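[1] Generate coordinates for the sequence data below:
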Amino acid sequence: MPISKLVEAKIGICVLVVDDDAEVRSICSRALQTAGFRVAEASCVPEAITILEDGSVEIVLSDVCMPDVDGLRLLHMVREYYPATSVVMMTGYATIANAVEAMRMGASDYLTKPITPEDLTCRLSRLVELRSIEIENRAFRAQLSGLTGVGKLIGASAEMQTVFQFIMRAAPARAPVLIQGESGTGKELVARAIHDNGPSKDRPFVAIDCGALPENLIERELFGHVRGAFTDARQDQPGLLASAANGTVFFDEIAELPLGLQSKLLRALQEKEFRPLGSTQYVPLPARIIAATNRDLKLAQAEGKFRSDLYYRLNVLQIVLPTLRERGRDIELLANHFLYKQRETGCAVVGISRQARDLLSRYAWPGNVRELENAIQFAALLAGGSTIEAADLPPDVRSLPEPGPREDAAPAGELGYLREAERRTILEVLAAAHGDRKEAARRLGTSKSWIYAKLKEYGIGG
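    Presented below is the predicted three-dimensional model:
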């Protein structure tokens, strides 16, 4: 995170340093003030509680071992009475029991003495960034809930507002709709939204992937057949068109339909009826027709691959969906939405770092919204901490060249805090496993010896 951004984020942030050692309080206070924090000091828990009562403290930095009332008791009181206040614990007694208990009780981080000013300010600066991300996420969720989206479609951009308006105007009609757009732009979601907001919303919605049906089976799948129509036809079988009844038939990738079937579909649409294979009787086709394609149908007509008369039969109401790169202001909104969906499945990641968001906004997204959703799922699974970092993103996204040097760019060391994320993850898993290192290793998919080595590396012994 650029230094100027960190300083900007820390304006107004008050840290309460609680330690019975005056020298430790002094060292911490000087370091934090130099880094741009406001600082208050307390030598004991009762004094800290008095300061907390005025409501200005946002982060508590407390020693664990203090006379009379220890830091863990203070942590408990802060979590109960001041839940919006973050707590970072520190101690000279680096035992696994202290670390696990502090993390289990809700500490945001855990530091071991002797604490260097650089480590202290880096840790608290990252905590401020995380708090900022969490606040932004709440704002995004509020924005999502206030959007005038339709169905599962989300967007605040002018391009998507146009799509929403089209859906609401087209839904009451029964006229055919042609949806065009690149793969991953949400063509089926638009089709479903039209159906769900129309008069037949309680009737079936039948989606047909024209590119996935085998050519030798597609006619019987669409129109059905009667008993004896071919060797294995032992009973009547209604097709997909009949199963839609008075609902909606959605032809996805209509351009992939073979020419021979295009003519039969055209007749069915014109006459509002069709004949199953082997039958002499016609079956009515009352369903609404919506078709979609990622191809240029006019070019396909010129190449003799798509019938012009079918094109005009389908193209009564037409909409071209914008690509994700054309609705850039929606990228961050969608990314947070997809992360929130991951959290509903038990994912512990709560936000996306500014570096990662910058990469997401600059990437071209050839796979559109579908690719963005996959990228967030990928990053959430790989994230080593509470936020998605640039290094967690898929290779295609994170390999973007830097936009150029900036005067406020932070040194590489300030941006690389993966070790901190790893340390915190280990502590959190140990807390969830009640200090059982074997169980923690199982949950992390590693060995107990690796856990021991990492605890030693991070100075957490005992």
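[2] which stretches of the stretch 301-450 of the chain form strands?
    Using DSSP state E, counting those that start in this stretch, the strands of the stretch 301-450 of the chain run over residues 317-320, 351-352, 387-388.
[3] okay, the ones you listed in a markdown table with mean neighbour count next?
    C-betas here are computed from N, CA, C, even on glycine. Below are these laid out as a markdown table (neighbours: other Cβ atoms under 10 Å):
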| stretch | mean neighbour count |
| --- | --- |
| strand 317-320 | 15 |
| strand 351-352 | 26 |
| strand 387-388 | 26 |
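[4] what's the closest of those to Leu310?
    Closest approach to Leu310 among these (Cβ to Cβ): strand 317-320, 13.9 Å.
[5] ok, residues contacting the closest one?
    Contact partners of strand 317-320, identified using Cβ atoms under 8 Å, 6 or more residues apart in numbering, comprise 163, 166, 170, 173, 175-181, 190.
[6] Break down the stretch 51-200 of the chain into its helices, ranges please.
    71-81, 96-104, 117-146, 158-170, 187-196 (DSSP state H, counting those that start in this stretch).
[7] lowest-confidence stretch among those?
    Note on the helices of the stretch 51-200 of the chain: lowest mean pLDDT is at helix 117-146, with a mean of 73.
[8] hmm, back to that, figure out which of the strands of the stretch 301-450 of the chain is closest to Thr50.
    That would be strand 351-352 among the strands of the stretch 301-450 of the chain, by Cβ to Cβ, at 32.9 Å.
[9] Include mean pLDDT when you put the strands of the stretch 301-450 of the chain into TSV, please.
    Formatted as TSV, the strands of the stretch 301-450 of the chain follow (pLDDT from 0 to 100):
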stretch	mean pLDDT
strand 317-320	94
strand 351-352	86
strand 387-388	88
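[10] what about the closest residue to Asp252 other than its chain neighbours, distance to Glu256?
    Nearest non-adjacent residue to Asp252, counting by Cβ to Cβ, 6 or more residues apart in numbering: Asp209, 4.9 Å away. Taking Cβ to Cβ, to the nearest Å as the measure, Asp209 falls 8 Å from Glu256.
[11] if you count what's nearby, which of those two comes out ahead?
    Using other Cβ atoms under 10 Å, the more surrounded residue of Asp209 and Glu256 is Glu256, with 19 against 12.
[12] got the contact list for that one?
    Counting by Cβ under 8 Å, 6+ apart, Glu256 touches 210-211.
[13] Tell me the pLDDT of it.
    What the model reports for Glu256 is a pLDDT of 92.
[14] Where does pLDDT dip in this structure?
    In the predicted model, the chain carries pLDDT under 70 at residues 1-12, 93-96, 134-149, 225, 228-231, 233, 401-422, 445, 459-462.
[15] circling back to that earlier point, most packed of the helices of the stretch 51-200 of the chain?
    helix 187-196 (a mean of 23; mean count of other Cβ atoms under 10 Å).
[16] domains of this structure?
    Residue ranges for the domains of the chain, per automatic domain parsing: 3-134, 143-148+327-457, 158-321.
[17] Please save the CA atoms from stretch 97-117 in CSV.
    C-alpha atoms of stretch 97-117 as CSV (Å, rounded to 0.1, in the frame of the first residue of the first chain):
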residue,chain,number,x,y,z
ALA,A,97,-1.0,-20.9,24.9
ASN,A,98,-1.0,-17.1,25.0
ALA,A,99,-1.1,-16.8,21.2
VAL,A,100,-3.9,-19.3,20.8
GLU,A,101,-6.0,-17.9,23.6
ALA,A,102,-5.7,-14.3,22.4
MET,A,103,-6.6,-15.2,18.8
ARG,A,104,-9.5,-17.4,20.0
MET,A,105,-10.9,-14.5,22.1
GLY,A,106,-10.9,-12.2,19.0
ALA,A,107,-7.5,-10.4,19.0
SER,A,108,-6.8,-8.9,15.6
ASP,A,109,-3.0,-9.7,15.9
TYR,A,110,-0.3,-10.9,18.3
LEU,A,111,3.2,-9.4,18.7
THR,A,112,6.1,-10.7,20.8
LYS,A,113,8.6,-8.6,22.6
PRO,A,114,11.1,-7.2,22.0
ILE,A,115,9.0,-5.2,19.4
THR,A,116,10.8,-3.1,16.9
PRO,A,117,9.2,0.3,15.9
